[in-house]
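>>> Sequence and predicted structure, then a few things I'm wondering about:
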Amino acid sequence: MPCSISKELIDKTIAFHGHSCPGLAIGIRAAELALKEIGKAPDEEVVAVVETDMCGVDAIQYLTGCTYGKGNLIHKDYGKNAFTFYRRRDNKALRFVTRRDVFGDAGPALKELNRKVQGEGLTEDEEKTWHQIRERISKHIMETNLSELFEIKEPTFPVPEKARMVASLVCESCGEPVMETRTRRFHDKVLCIPCFDASEKRY
């Protein structure tokens, strides 16, 4: 079944991210599934834990209302296209894991061209092919049934706590205010993390 999100909202999501690509398409469909199964976040009612920093996270922020600024979008740097959503009022939680064959039969060709993009670069013809393959894969993702894109699993993390407001302390090295929970102590001084790391390197 094709994506149920309106074209207008998809276009706004693409504008928010800056371009259309397969990664963003995955995020749009993950957000669609979250909205269907969990609902939208009016404030911190819904929490998203994302295990990647790829393009699709922008779609999740834009479409579900889970954002870094509200503290209900949490990034785990695991390099997995996996997205967990929690609804606080009834503790409903689901983890969506992108299937290995999500790119379809064009996946291997895209993988090889991506390798060249990061390495020696693409010829003019290869770049044209690269854009065509990305468009083809994005279209495939947007038109495929959600069940063929994601496995639905039990979450591997407990429900995250609500964002806390904490006091600020002044770093005794640089003089800048820093959240109390992000300070370090070194030689009986209160330091921010960058100053702490710099101090460690000097000793």
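Looks like it arrived, so ask away. Numbering: from 1, shown residues only.
>>> contacts, neighbours, all on C-alpha from now
Noted.
>>> center of this structure - which residue?
Relative to the mean C-alpha position of the chain, the nearest C-alpha, by Cα atoms, centre = their mean, is the one of residue 57, at 2.9 Å.
>>> who's in contact with it?
Taking Cα atoms under 8 Å, 6 or more residues apart in numbering as the definition of contact, the neighbours of residue 57 are 24, 27, 50.
>>> the strands in this structure, which residues?
46-50, 73-75, 82-87, 92-98, 150-153, 168-170, 177-179, 184-186, 189-191 (DSSP state E).
>>> Deepest-packed of those strands, please.
Here the criterion is mean neighbour count by mean count of other Cα atoms under 10 Å, and of these the winner is strand 46-50, at a mean of 26.
>>> so what strands line up beside that one?
Sheet partners assigned to strand 46-50 using DSSP bridges are listed as strand 73-75 (parallel), strand 82-87 (antiparallel).
>>> Mind putting those into CSV with mean pLDDT and distance to residue 63?
Listed next are those as CSV, based on pLDDT from 0 to 100; distance: least, Cα to Cα, whole Å:
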stretch, mean pLDDT, distance to residue 63
strand 73-75, 95, 12
strand 82-87, 96, 13
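>>> out of those strands, nearest to residue 12?
Put simply, out of the strands paired with strand 46-50 the one that sits nearest residue 12 is strand 73-75, at 19.9 Å, with distance taken as Cα to Cα.
>>> Tell me which stretches of the chain form helices.
When secondary structure is read from DSSP state H, the chain shows helices at 7-17, 22-37, 56-64, 107-118, 124-143, 146-149, 193-202.
>>> how much does the fourth one deviate in direction from helix 124-143?
Helix 107-118 and helix 124-143 are oriented at 130 degrees to each other (axes from the mean of the first three to the mean of the last three Cα atoms, to 10 degrees).
>>> Check the last one too.
Here helix 193-202 points in a direction 130 degrees away from that of helix 124-143 (the same axes, to 10 degrees).
>>> Make TSV out of the strands of the chain and add distance to residue 16.
Compiled in TSV, the strands of the chain are given as follows (distance: least, Cα to Cα, whole Å):
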stretch	distance to residue 16
strand 46-50	18
strand 73-75	17
strand 82-87	20
strand 92-98	23
strand 150-153	24
strand 168-170	32
strand 177-179	29
strand 184-186	36
strand 189-191	36
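>>> Break this structure into its domains for me.
The record, using automatic domain parsing to delimit domains, assigns the chain the ranges 7-153, 168-202.
>>> Could you check how far the last one is from the centre of its chain?
In terms of Cα atoms, centre = their mean, to the nearest Å, the centre of domain 168-202 is found 29 Å from the chain centre.
>>> Contact partners for residue 34?
For residue 34, the contact set (Cα under 8 Å, 6+ apart) comprises 40, 64, 85.
>>> Which pLDDT value belongs to it?
Per-residue confidence (pLDDT) for residue 34: 97.
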